[in-house]
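Colleague: got a predicted model here, sequence first, then my questions.
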Amino acid sequence: MKKITFFTYKVTSKLPIIKISSFFNIKQDTGWKEYVKIDASEIENILKYNSSEKAVFLYKYGCITFLNFSQNEIYIFLEYLKKLFVELDNKLLSKFNDTHTIYLVSEDKVVLLKDSEEQFPYHNKTNDIVASVLAKSTELYKIETELSDVLDSSCKLISYLNKGYLKANTKKVISIIAKCIRFKYRSIESIRILDKPLEFNRTIEARQTFDVMSEYFELNDRYRVLSDRMNILDSITGEYFSYRSKQAERRLLLFEILLLSIFPLLQIISK
């Protein structure tokens, strides 16, 4: 059996795929496009040798999947990308990455999953789908990790609320709230990562491949857990803003009481 290997790296928060498409003269469809694919001929120009079985998939949300690349070839490509217009984040690179291998049994049959003997049709979108699902899983892991960190910080906010320390720890509270809001804002675009691209939904074979790979990486189950945890985050920040709103209402009421108590005194003085 012939191995086809995929390596995915989270390299930055967002990739300028429109600029990348323009540089490599790749035709872009109208509307939201998840990724661009750099084929063998362009890769040969970068690596300077035959690369007929290689491809690179660059995703809008900052992940890159390499098809049949060695680690040295990945390094060369990333260095080339940096010389163009993409600023890479080495911390993301080292922390968020994954790999997957499929096995080509014949020209039209492939084993998609490790330790499985089940064969599926090998079609012109198989590699694209496997690369995409691996990238989605890597991006999802990054969001999961960041959300865990934000929720840990939010627990401190609940502690402050319960102990009445908000006034004494205003800077810390503001920092936590800002962290929560930044996370929610950055996650708005990434929330579409689980969408199935239209081109993966045009044939029964493509839909089957996408569904098998998505189930293997538990994308839907992980997304449900993520949604539940984000709801918890909403409730925590909502409780804080509700608390602040009640504080403002109390201050306004005290101010009104003060004015009402001063008004008769002013009348007496004016006489």
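Modeller: Great, that's in hand. A quick note: this is a predicted structure, and the numbers were derived from the prediction, not measured. Numbering: from 1, shown residues only.
Colleague: just the strands in the stretch 101-250 of the chain please.
Modeller: Counting by DSSP state E, counting those that start in this stretch, the segments of the stretch 101-250 of the chain that form strands are 109-111, 120-121.
Colleague: quick one: closest of the ones you listed to residue 223.
Modeller: For residue 223, the closest of these is strand 120-121, at 23.4 Å, according to C-beta to C-beta. Heads up, the C-betas are built off the backbone N, CA and C, glycines and all.
Colleague: what pairs with the closest one, and is each one parallel or antiparallel?
Modeller: According to DSSP bridges, strand 120-121 forms sheet pairs with strand 109-111 (antiparallel).
Colleague: quick one: buried residues of the partner strand?
Modeller: The neighbour-count check on strand 109-111 (16 or more other C-beta atoms under 10 Å) flags 110-111 as buried.
Colleague: returning to that earlier point: any chance of the strands of the stretch 101-250 of the chain in JSON lines, plus mean pLDDT?
Modeller: Shown next, in JSON lines, are those (pLDDT from 0 to 100):
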{"stretch": "strand 109-111", "mean pLDDT": "97"}
{"stretch": "strand 120-121", "mean pLDDT": "96"}
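Colleague: which parts of the stretch 51-200 of the chain are helices?
Modeller: Ranges of helices within the stretch 51-200 of the chain are 71-84, 90-95, 126-163, 170-190, based on DSSP state H, counting those that start in this stretch.
Colleague: confidence score at residue 224?
Modeller: Here, the pLDDT recorded for residue 224 equals 87.
Colleague: so where's the protein uncertain?
Modeller: Applying pLDDT under 70 to the chain flags the ranges 28-32, 155-177, 180-181, 185-192, 194, 236-271.
Colleague: go again using 80 as the cut-off
Modeller: Along the chain, the parts satisfying pLDDT under 80 run over 27-33, 84-85, 151-195, 227, 229-271.
Colleague: how does it divide into domains?
Modeller: 2-124, 131-270 (automatic domain parsing).
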